[in-house]
Each structure stands twice: as C-alpha cells, then as structure tokens.
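Output the structure for:
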Amino acid sequence: MEAKNTFSILFYPKTSDSDKHGMSPLFLRITVDSKRAELSLKRKIKPKDWCPISNKVIGKDPKADEVNYHLDDLKVRIRRIQAEYVSQGQPYSAVTIKNKLLNKGNKIKTVLSIYDDHNDNMQALLGVEYTYSTYRRHVRTRNHLEKFIFQEYGGKDLFITNVDLKFVTGFEHHLKLSKAGSHNTIVKYVTNFKKIVRIALANNWMKTNPFYHWKARWKKTYREVLTEIELRLLIEKEFKSTRLERTRDVFVFCCFTGLAYIDVKKLEEENIHSIGNKKWIRILRTKTKVQSTIPLLPIAEAILDKYRMSGIGQVEDRLLPVLSNQKMNQYLKEISELCHINKRMTFHLSRHTFATTVTLSNGVPIESVSKMLGHQSMRTTQIYAKVLDHKLSKDMELVAGKY
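Alright, predicted model coming up:
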C-alpha cells in the first residue's frame, strides 16, 4: 500500500520576537507528516500589515511587493523540490526540504544508501576479508529490503531514522510471504540487516535500536552426512567424465581434511608442512581467521600427489582443480545419482562428513576435531556431536528391532 506524505507551507510573522519598533521577523514553516522545519526569511514586517489568509503582506508599496515576490518565489522552489522527491520515489521530510532549499544537502541517511556503501566495501575486500557467498547474501538482503520498502512505504528508499520495531517485524513478515527461503534463511536475511542498523547506530545516524525487542529464533536442523558405505562407494566409483572425476576427487579430499570450499580453492604448496615423516595442512580459515591444523590422511595425500604429477591443479599456484561452487554442486548432483546416493549432495556436505563419519565416529576427541575444523568455539563443533548422537540412536533402533 502506497504511503503519501502530508505537506504544507506557511509564512508568518513571529510576534514574540518583535523589536522596539514593533517590527516582527518573517518566518517560513514547512510541515511534512506533522513534523516541522522553520527558517527565518531575514525580513521584518509590522504584524498589522500581514494577511494570514493570503499569506502575504498587505499593501502596494515597493517594500510589500518585494517581500511578496520573495514569498512567491520560495513557494515555487519548495514545491519543485517536493515534487522532485515524489517523482523519484525518494523519501523526504521537512528538514530535507529545508536543507535542499538552503543547498545544505541531505544529512539524513537512508536504508539503501547505507547498505549500498556497505556492499561496495565488501566487494572491494572479496578474497581478503569476505567470501563471495557472504557478499551475495548481503546483496540479496538489500534487494529484498528495496522491494519491502516500495510495497510497504511506496518509495524507493526510506530514512534510517524511520526504521523501528514495526519495520523489522514487517520486513520479516514480507520475507515469509514472498517465500524468500526457509525459516533459517529468512532469519539470516533479518540478521544481515541488523548489521546495517549497528553501523547506523555507531555513526549516530539513528538514536534507538529497533532490534532491541527482536530476537533471532533459529530452527534446529539435521546436518546430513555421508555414511562410511556411501563414502566408499564414492571413492571406488570410476567415472568416464573428467569433470566428474575431478569434482569427486576434490570433494573426497575435503571429506578427509574438513576444508571449506573457499579454503580448498586457495590451498597452496606453502600450506603443506612436514613434521617428522607426516604431512600436515596449516591454513588460516577465510571465514573465521582461525588457523586449521590438519594431519594429511593417506587418501588425501594421494589426491594431492595425483594432481601434482598431472599439473592440472597447478593454476595460480593452487594444488587442486577447484571449479566454481555452483559448478561443483551441479556436478555433485550428477555424481550422487551415478553412485545411487539418495542424499542432497552439496560441497559443504564434505565438511560435515569429515566431522562425523571420518573423525568423531572413529573416536577422535571433539577438541581435536574443533581444532582441525578451525572453529572459534567448541559449541559450533558440538553440533556435529549431536548429529552423531542422532545417528547412534537410529542405529540402536535397528538393534532393538531385532530383539
């Protein structure tokens, strides 16, 4: 539903500031949505010479003509400024119109302008501080906000000072109605916007925190993993397609190292260290900036040797032939069908498989798993322990069924 601003212009003599000669300063008052902005016009008149109905000075003398001409000119300019905001679908207030009139510009920040600046900064730091997937999530959040603002407020943008709890809950409701994703995806979009609000609060662009009474409510999800049998099927499968073989090799490598997509993509020779007669991976995780220390298991080392010898992975000093995340996930879907693995295989499934099937299921202490995964908190690693408990429960149900 389109929201329309109420708008009015008023000129009046401020009699409370009359001088000793009985002359009162003339003021301009702009009102938008019951909020005012006032401005002295640097002219004085006698209150008895003012007509409140016509909003003009009474009389035909040159001084009265000059004041009335100035008032007419101001009216035209103010209405032109207001019409420009309306035609462009831009938010406006009494203060912004006054500032525009005085050529001071608009000092009140808007939601999308802040978000655009944030996303531009993220884009400039891709691969340094941010991953492309994180950047894209913020771009999608910004685009959802733009649609919500247009549908709910009838404009192309909104002042950050107008963001309140109603806006936050309204945005969440809009995401649900537009089926923007699963429950947790929608919560993630809202928490992404929360970051923009924190930026605005830190810069004093807004005074109150609209998220004070809002709490992210996540739904617990079951993290699917490959079983030992499925992992073996995947390893032993022979592919006629080179692209599928390479995708499988990189995926299996991550099943035995726990590396995330962005980290295996940037894996270099300098990340491989020899300690005694064993080889280790030491890499600073892109996401958390925490160092992962992972001993190389024989199968992972064999995959590295395979691509070292072929030279295929030696592009830009990278060790493995890692394609785009989108392509990898696309090919993994084909691989799951060929291997008759009835699970939604995405690249991140390899990390879950490492945490559960490869390590925790084989008695590796959770503290060691946490260090290898490069988690900042043990609580993150405990999610996989819960998955393991779930698996054990299902396994015991099979036993119970036999007796």
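
Can you point out the buried residues in the longest strand along the chain?
When the chain is parsed with DSSP state E, its longest strand is strand 35-45. Judged by neighbour count using 16 or more other CB atoms under 10 Å, the buried positions of strand 35-45 are 37, 43-45. C-beta here means a position set from N, CA and C on the backbone, and glycine is covered the same way.

Show me the helices in the stretch 51-200 of the chain, by range?
Remark: helices assigned in the stretch 51-200 of the chain by DSSP state H, counting those that start in this stretch are 62-88, 94-101, 111-124, 132-153, 165-177, 183-202.

May I have the fourth one exported as CSV, CA atoms only?
C-alpha atoms of helix 132-153 as CSV (Å, rounded to 0.1, in the frame of the first residue of the first chain):
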residue,chain,number,x,y,z
TYR,A,132,31.8,-14.1,-2.5
SER,A,133,28.9,-16.1,-0.9
THR,A,134,28.7,-13.8,2.1
TYR,A,135,28.8,-10.8,-0.2
ARG,A,136,25.9,-12.2,-2.4
ARG,A,137,23.8,-12.9,0.7
HIS,A,138,24.1,-9.2,1.6
VAL,A,139,23.2,-8.2,-2.0
ARG,A,140,20.1,-10.4,-1.8
THR,A,141,19.1,-8.9,1.6
ARG,A,142,19.5,-5.4,0.2
ASN,A,143,17.3,-6.3,-2.8
HIS,A,144,14.6,-7.8,-0.5
LEU,A,145,14.7,-4.6,1.5
GLU,A,146,14.1,-2.5,-1.6
LYS,A,147,11.0,-4.5,-2.5
PHE,A,148,9.7,-4.3,1.0
ILE,A,149,10.2,-0.5,1.2
PHE,A,150,8.4,0.0,-2.1
GLN,A,151,5.5,-2.2,-1.2
GLU,A,152,5.0,-1.0,2.3
TYR,A,153,6.1,2.6,2.1
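
Now do the buried residues in it.
134, 138-142, 144-146, 148-149, 152-153.

hang on, the earlier thing: mean pLDDT and distance to residue 247 added to the helices of the stretch 51-200 of the chain, as a markdown table?
Listed next are the helices of the stretch 51-200 of the chain as a markdown table, based on pLDDT from 0 to 100; distance: least, CB to CB, whole Å:
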| stretch | mean pLDDT | distance to residue 247 |
| --- | --- | --- |
| helix 62-88 | 88 | 48 |
| helix 94-101 | 86 | 54 |
| helix 111-124 | 92 | 28 |
| helix 132-153 | 92 | 18 |
| helix 165-177 | 96 | 33 |
| helix 183-202 | 95 | 25 |
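
okay, the ones you listed, which one's buried deepest?
helix 94-101 (a mean of 20; mean count of other CB atoms under 10 Å).

now for it, which elements pack on it?
strand 24-32, strand 35-45, helix 62-88 (3 or more CB pairs under 8 Å, 6 or more residues apart in numbering; DSSP states H and E).

Columns distance to residue 385 on top of these, output as TSV?
Listed next are those as TSV, based on distance: least, CB to CB, whole Å:
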stretch	distance to residue 385
strand 24-32	57
strand 35-45	55
helix 62-88	54
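
Ok, which of the ones you listed comes nearest residue 278?
When these are ranked by proximity to residue 278, the top entry is helix 62-88, at 64.6 Å, counting by CB to CB.

And the residue nearest the centre of this protein?
In the chain, the centroid-proximal residue (CA atoms, centre = their mean) is residue 138; its distance is 2.7 Å.

shouldn't it be in contact with residue 192?
Yes - with contacts counted by CB atoms under 8 Å, residue 138 reaches residue 192, the gap being 5.6 Å.

For residue 289, grab the count of nearby residues.
Residue 289 has 10 neighbours, counted by other CB atoms under 10 Å.

Kindly give the local confidence score, pLDDT, for the residue in the chain sticking out farthest from the centre.
Within the chain, residue 61 marks the point farthest from the mean C-alpha position, 62.4 Å out by CA atoms, centre = their mean. Model confidence at residue 61, given as pLDDT, is 86.

same deal with residue 34?
88.

List the contacts of the closest residue to it other than its chain neighbours.
The shortest distance from residue 34 to any non-neighbouring residue, by CB to CB, 6 or more residues apart in numbering, is to residue 6 (7.0 Å). Under the criterion of CB atoms under 8 Å, 6 or more residues apart in numbering, the neighbours of residue 6 are 31-34.

For residue 82, see how far away residue 6 is.
From residue 6 across to residue 82, the span is 11 Å (CB to CB, to the nearest Å).
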